[in-house]
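Asks: quick one, structure for this:
(one chain, ligands or ions: 1)
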Amino acid sequence: MQDIRTFHPRRGRMSPTQLDALGRLGPVYDLPEGPLDATTLFEGRPVALEIGFGLGDATVEMAQADPGTGIVAIDVHTPGVARLLLAIESLELDNIRVVLGDAVELLRDRIPESSLVAIRVFFPDPWPKARHHKRRIIRPDLVSLMASRLIPGGELHCATDWAEYAESMREVLSAEPLLREAPADDGLRAPRPMTKFERTGLDKGHAVSDLVFVRV
Ligand SMILES: C[S@@+](CC[C@H](N)C(=O)[O-])C[C@H]1O[C@@H](n2cnc3c(N)ncnc32)[C@H](O)[C@@H]1O
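Replies: Below is the predicted model of the structure:
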């Protein structure tokens, strides 16, 4: 599972402020070592995981809109991590933890089964070439892993502006025995904030699909 990464390691350019943020704030907002304990991490608040938050603007919006939920936000892209850390500090948010690393490793090694109230995967890299489809994060083995980490009733929310990936997502998510598609709009879900990649997709005329599946 771990051999095929879902991202290309790339070195982002970091400003002195961002470097400082990583060194100073990274340890403050990182997860405690060891397995994640969802009952204590945010003083009993349910825990959602956002995979690949990019710049983190949507993460901040969701945290502000729902202070009763804690968000573990993970990305491998260092400048985005620094940016989110600075936003958390300046807005004094107490319901986000930020991890620099591979979400697959985090899910596999440190998140126990039946821990998360939600997993959000917004505009994951579409890997459009057929020979790269194996790198997609919404693929059968990783969806099984994600589903196992949700509590019953917890939701896996994916969004994409890539039509063919949306079809493939629906196929993969529907085939996972632990998941059932949620009703289109049950009125219970807060609207998903607009993300940077969504805006870019819309500018190109792409249609956006949201897929929400619930753990049985
Ligand atoms: C296309 S961007 C979307 C960013 C953001 N969600 C948005 O909509 O603007 C995908 C992000 O996923 C991150 N990513 C890809 N694979 C990942 C993994 N296995 N673990 C953590 N982050 C990952 C990338 O670094 C990138 O920031």
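
Asks: contacts, neighbours, all on C-alpha from now
Replies: OK.

Asks: ok, V81 touching L55?
Replies: Yes - counting by Cα atoms under 8 Å, V81 does reach L55; the two are 7.4 Å apart.

Asks: more neighbours: which of the two?
Replies: Comparing V81 with L55 by other Cα atoms under 10 Å, the one with more neighbours is V81, at 25 against 20.

Asks: what residues of whichever strand or helix holds the more buried one count as buried?
Replies: For V81, the host element (DSSP states H and E) is helix 78-91. Neighbour counts over helix 78-91 (16 or more other Cα atoms under 10 Å) mark T78, P79, G80, V81, A82, R83, L84, L85, L86, I88 as buried.

Asks: pLDDT for those residues - can I get that in JSON lines?
Replies: Output for those, formatted as JSON lines (pLDDT from 0 to 100):
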{"residue": "T78", "pLDDT": "95"}
{"residue": "P79", "pLDDT": "95"}
{"residue": "G80", "pLDDT": "96"}
{"residue": "V81", "pLDDT": "97"}
{"residue": "A82", "pLDDT": "97"}
{"residue": "R83", "pLDDT": "97"}
{"residue": "L84", "pLDDT": "98"}
{"residue": "L85", "pLDDT": "98"}
{"residue": "L86", "pLDDT": "98"}
{"residue": "I88", "pLDDT": "98"}
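
Asks: and the residues you listed, which is closest to the ligand?
Replies: G80 (7.3 Å; Cα to the nearest ligand atom).
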